[in-house]
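[1] sequence first, predicted coordinates after that:
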Amino acid sequence: QQSMGIDVDAMFDRLLREAPWVDRHVDEMKYRGRPLKRQKAFLVAADASEPADAMPSSLPTYRYPGWTYASLVHYRPMHTAADVAALVSHFNDSNSLGGVDIG
């Protein structure tokens with residue numbers, strides 16, 4: 001499937017293989033002592049010089065039910081998932097999504 005000139009199926013396959021997914025069974029990912037129902041990846045905007053295999057030096061925190069400080073060790077710079085970084089950059093630069101202004 002093509003959307004905005006992107007092969008969405010190929011992009012999704014790359015994300016499944018390459019994104020820094022966190023095992024839902026590790027202690028930091030448990031909610032009230034139980035594993036989450038799915039794996040997650042935490043990506044944040046960071047300088048390109050930040051190492052891909054470590055927590056960025058500056059982290060925004062988004063609190064939600066079940067959020068814990070322990071999960072911060074799993075946050076990674078956005079450039080860890082190149083496709084996500086490219087999409088975010090595209091939307092930031094164009095301020096539009098499918099021709100609709102999102103700025």
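    Sure, I can see it.
[2] so what does the helix ranked longest in the chain touch, helix or strand wise?
    When the chain is parsed with DSSP state H, its longest helix is helix 82-94. For helix 82-94, the packing partners by 3 or more CB pairs under 8 Å, 6 or more residues apart in numbering; DSSP states H and E come out as helix 8-18. Where you see a C-beta, it was placed from the backbone N, CA and C, and this is true even at glycine.
[3] got the angle for the helix it packs on vs helix 82-94?
    120 degrees (axes from the mean of the first three to the mean of the last three CA atoms, to 10 degrees).
[4] how far does helix 8-18 sit from the chain's center?
    Centroid separation between helix 8-18 and its chain, computed with CA atoms, centre = their mean, to the nearest Å, is 13 Å.
[5] contacts for stretch 8-20?
    1-2, 41-43, 52, 74, 76, 80-84 (CB atoms under 8 Å, 6 or more residues apart in numbering).
[6] from the residues you listed, which would you call buried?
    Among the contacts of stretch 8-20, the ones that count as buried by 16 or more other CB atoms under 10 Å are 41, 42, 43, 74, 76, 80, 81, 84.
[7] pull the most distant pair out of these.
    74 and 84 (15.5 Å; CB to CB).
[8] related to what we said a few turns ago, reformat the contacts of stretch 8-20 as TSV; add pLDDT.
    As requested, those are exported to TSV (pLDDT from 0 to 100):
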residue	pLDDT
1	59
2	63
41	89
42	88
43	90
52	88
74	91
76	93
80	91
81	92
82	89
83	90
84	90
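[9] looking at the residues you listed, which is nearest residue 65?
    Distances from residue 65 to these, taken by CB to CB, are shortest for residue 42, at 16.1 Å.
[10] the closest one reaches residue 76, doesn't it?
    Yes: here residue 42 reaches residue 76: they are 6.6 Å apart, a contact under CB atoms under 8 Å.
[11] where does the spatially most central residue of the chain fall, secondary structure wise?
    Nearest residue to the geometric centre of the chain (CA atoms, centre = their mean): residue 43, 3.3 Å. Using DSSP states H and E, residue 43 sits in strand 42-44.
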